[in-house]
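> Sequence and predicted structure are below.
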Amino acid sequence: MAGISTIEAANEFLPDFTKRFNQRFAVVPDNPKLSYGPCPSLEKLDEILSWQQERKAS
């Protein structure tokens, strides 16, 4: 749409596009406080991010 056909032209176009895009779509959050907490320990992550089943071999 912008007639860009090279990487160099794209790199030149990008800063102005980003500025215009952010002016159009950026919003200020209702609550600027972070919505997430610190990452759990690696041991806790192993529990959270895995499916564990107890099995018996016969």
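Happy to help now that I have it. Numbering: from 1, shown residues only.
> C-alpha only now, for contacts and for neighbours.
OK.
> Please identify the helix or strand for Val27.
Assignment of secondary structure by DSSP states H and E places Val27 within no helix or strand.
> Number of residues surrounding it?
Using other CA atoms under 10 Å as the criterion, Val27 is surrounded by 8 other residues.
> can you point me to the longest helix in the chain?
Across the chain, the helix with the greatest residue count (assigned by DSSP state H) is helix 7-25.
> elements contacting that helix?
On a contact count with 3 or more CA pairs under 8 Å, 6 or more residues apart in numbering; DSSP states H and E, helix 7-25 meets no helix or strand.
> Following the chain onward from it, which element is next?
Moving toward the C-terminus from helix 7-25, the first helix or strand encountered (DSSP H and E) is helix 42-48.
> Relative to Gln52, how far out is the residue with the largest distance to the centre of the chain?
Computed with CA atoms, centre = their mean, the maximum C-alpha offset from the centroid of the chain is found at Ser58, amounting to 45.8 Å. Using CA to CA, to the nearest Å, we find Ser58 at a distance of 19 Å from Gln52.
> and what of Glu8?
Counting by CA to CA - Glu8 and Gln52 are separated by 50 Å.
> Kindly state the pLDDT recorded for the residue positioned nearest the centre of the chain?
Compute the mean C-alpha point of the chain, and by CA atoms, centre = their mean the closest residue is Tyr36, 13.6 Å away. As predicted, Tyr36 sits at a pLDDT of 85.
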